[in-house]
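Engineer: Coordinates for the following, if possible.
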Amino acid sequence: MPAELQSTSQGQTLVLTLRNPERRNAIDPAMYAAGIEALGVAERSADIRSVIITGADGMFCAGGNLERLLANRQQHPEVQAQSIEGLHNWIETIRTYPKPVIAAVEGAAAGAGFSLALACDMIVAARNAVFVMAYSNVALSPDGGGSWSLVHALSRQMAAEILMCGDRLGAERLHALGLVNRIAEPGDALDTALALAEQLNARAPNALASIKELINDAPHASLTQHLDQERDHFVKNLHHSNAGAGISAFLDKRTPRYE
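Structural biologist: A predicted model of the protein is given here:
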């Protein structure tokens, strides 16, 4: 069975499933492109309010295909550079996507698979899931934004340990470090992620888009710049019809319905 990215809908949530049974759901350029295309279609759909990325058959993603990487050593370096650009375009699309993206992790998230999970807004992981930045184990350095994500989320020393030592890290350890949002029982990661997505789907999409943009921009802005950005988003959202619906519903003690 060839590697593919399967796209299905569950209510207002798009579920993207990595499927590559012969390679433990390793990802490749065709899957990067499919991921970007799927997110583009979902962004234009008012029926989709959140996205979940998961893996088939109890495995999230083994990262890159090492045999393909070995073969690429015989090619011009530009071949591998273009492949990584495809991955990075997908990662950047996820990071800047205006709707919430959740990773539902069963089994292992290794190498670029770990980077892919870190690119998502939230991570739900089975209790027995394993995360590993395996690059240094095969004399490579990270891609997929893994080093960026870890340095922004953790201390320099902790990021260095994860990236340099390449040790396997359990879901509960990452939950304690603040990288994993929800712990699920084995086999329940997708269902737990869907429940989290439903919670998000009930909120105003424009407000969530603003929150994601503010989160993304905060590390690069001064306090003054960020306060200005918060002001502009607040005013824009206050004058959106959803704010009228939300405030009125709160005052009337009823559940709001957002566009």
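
Engineer: Ala71: which element?
Structural biologist: helix 66-72 (DSSP states H and E).

Engineer: what helices or strands is that helix leaning on?
Structural biologist: For helix 66-72, the packing partners by 3 or more CB pairs under 8 Å, 6 or more residues apart in numbering; DSSP states H and E come out as helix 77-96. For every residue, glycine as well, the C-beta is placed using N, CA and C.

Engineer: Tell me which residues of the helix it packs on come out buried.
Structural biologist: Buried residues in helix 77-96, counted by 16 or more other CB atoms under 10 Å: 80, 83, 86-88, 90-91, 93-95.

Engineer: what pLDDT does the residue nearest to Pro98 when sequence neighbours are not counted get?
Structural biologist: Nearest residue to Pro98, sequence neighbours excluded (CB to CB, 6 or more residues apart in numbering): Ala209, at 3.9 Å. Reported pLDDT at Ala209 in the predicted model: 97.

Engineer: Report the mean per-residue pLDDT for stretch 102-115.
Structural biologist: In this model, stretch 102-115 carries a mean pLDDT of 98.

Engineer: Which positions in it come out as buried?
Structural biologist: Within stretch 102-115, the residues scored as buried using 16+ other CB under 10 Å are 102-115.

Engineer: Same question for stretch 50-61.
Structural biologist: By 16+ other CB under 10 Å, the buried positions in stretch 50-61 come out as 50-56, 59-61.

Engineer: residue ranges for the strands of this structure, please.
Structural biologist: For the chain, the strands defined by DSSP state E occupy 4-10, 13-19, 50-55, 101-105, 108-110, 122-126, 130-132, 169-170, 182-184.

Engineer: Identify all contacting residues around the last one.
Structural biologist: Counting by CB atoms under 8 Å, 6 or more residues apart in numbering, the neighbours of strand 182-184 from elsewhere in the structure are 122-127, 171-172, 175, 191-193, 196.

Engineer: out of the residues you listed, which are buried?
Structural biologist: By neighbour count, with 16+ other CB under 10 Å, the contacts of strand 182-184 hold 122-126, 171, 175, 192-193, 196 as buried.

Engineer: okay if I get these as CSV plus pLDDT?
Structural biologist: Output for these, formatted as CSV (pLDDT from 0 to 100):
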residue, pLDDT
Met122, 98
Ile123, 98
Val124, 98
Ala125, 98
Ala126, 98
Ala171, 98
His175, 98
Thr192, 98
Ala193, 98
Leu196, 98
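
Engineer: Which one of those is nearest to Glu22?
Structural biologist: Ala126 (22.3 Å; CB to CB).

Engineer: before we move on, back to that, among the contacts of strand 182-184, give me the pair with the biggest separation.
Structural biologist: Longest distance between any two of those is 18.9 Å, between Glu172 and Asp191; criterion CB to CB.
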